[in-house]
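Peer 1: need coordinates for the following:
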Amino acid sequence: MSETLTLSAEARDRAGKGASRALRREGRTPAVIYGGKEEPVSVHLEEKALAKALGTGHFFNSIVELTVNGQTVRTLPKDVAFHPVTDRPLHADFLRLSKNAEVHVNVPVLFANEDASPGLKKGGVLNIVRHELELVCGSDTIPDDIAIDVTGLDIGDSIHISHVKLPAGARSAITDRDFTIATIVAPSALKSEEGDTAKTEA
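Peer 2: Model (predicted):
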């Protein structure tokens, strides 16, 4: 389960590019809180605190509690715009969460027991097609990551979403196909050797 992050925010009186630029000069990042059948609220938060939260590596699949004028709002980060050169966060969007809300999140995939895969032990390569899975789950049960066991997998084997045991209460957001997450492929050196042998035999 992803940890809850806490950030302090202040309501914005003025909107527009000029006001946003002024805030950024003061080390603040403009943001908006929307959703939950309520009006959007324009806020700003400390740029350093936001950058630290972004640095956790799981910002986008964590609940973020924003304290605005003494009130705590449970949100899910949906988007952060960055400066193309400096990578400074320029603007952030937060989705307001109602109690027991279901959310769409992208959760990173980890692969376990690679030393127990015959294909990888032979020199095969784990070709990762999807580094994240798009899941639908309860806002209080967002997993940190999804671990996939590659024990027993050989060269030519594929891992599809149907092979993955998802945590209780979580389901794939993509339901129309059994998509591939990773495959174990022969190393390119091995492939080229096989090709040369075939040419020689011919």
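Peer 1: could you chop the protein up by domain?
Peer 2: According to automatic domain parsing, the chain is divided into the following domains: 5-98, 103-201.
Peer 1: in CSV: those, plus mean neighbour count and mean pLDDT.
Peer 2: Every C-beta, even on glycine, is put in place using the N, C-alpha and C of the backbone. CSV is the format used below for the domains of the chain (neighbours: other Cβ atoms under 10 Å; pLDDT from 0 to 100):
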stretch, mean neighbour count, mean pLDDT
domain 5-98, 16, 89
domain 103-201, 15, 87
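Peer 1: just checking, what packs against the helix or strand harbouring E39?
Peer 2: For E39, the host element (DSSP states H and E) is strand 38-46. Judged by 3 or more Cβ pairs under 8 Å, 6 or more residues apart in numbering; DSSP states H and E, strand 38-46 is in contact with strand 5-11, strand 28-35, strand 64-68.
Peer 1: I'd like these laid out as TSV, including distance to I142.
Peer 2: Output for the helices and strands packed on strand 38-46, formatted as TSV (distance: least, Cβ to Cβ, whole Å):
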stretch	distance to I142
strand 5-11	12
strand 28-35	16
strand 64-68	11
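Peer 1: between those, which one is nearest to E102?
Peer 2: For the helices and strands packed on strand 38-46, proximity to E102 was assessed by Cβ to Cβ; strand 28-35 is nearest, at 12.6 Å.
Peer 1: ok, the closest one: who's next to it in the sheet?
Peer 2: strand 38-46 (antiparallel), strand 89-96 (parallel) (DSSP bridges).
Peer 1: what does the last one contact?
Peer 2: For strand 89-96, contacts defined as Cβ atoms under 8 Å, 6 or more residues apart in numbering pick out 20, 24, 29-36, 38, 45, 47, 50-51, 54, 64, 66, 73-83, 103.
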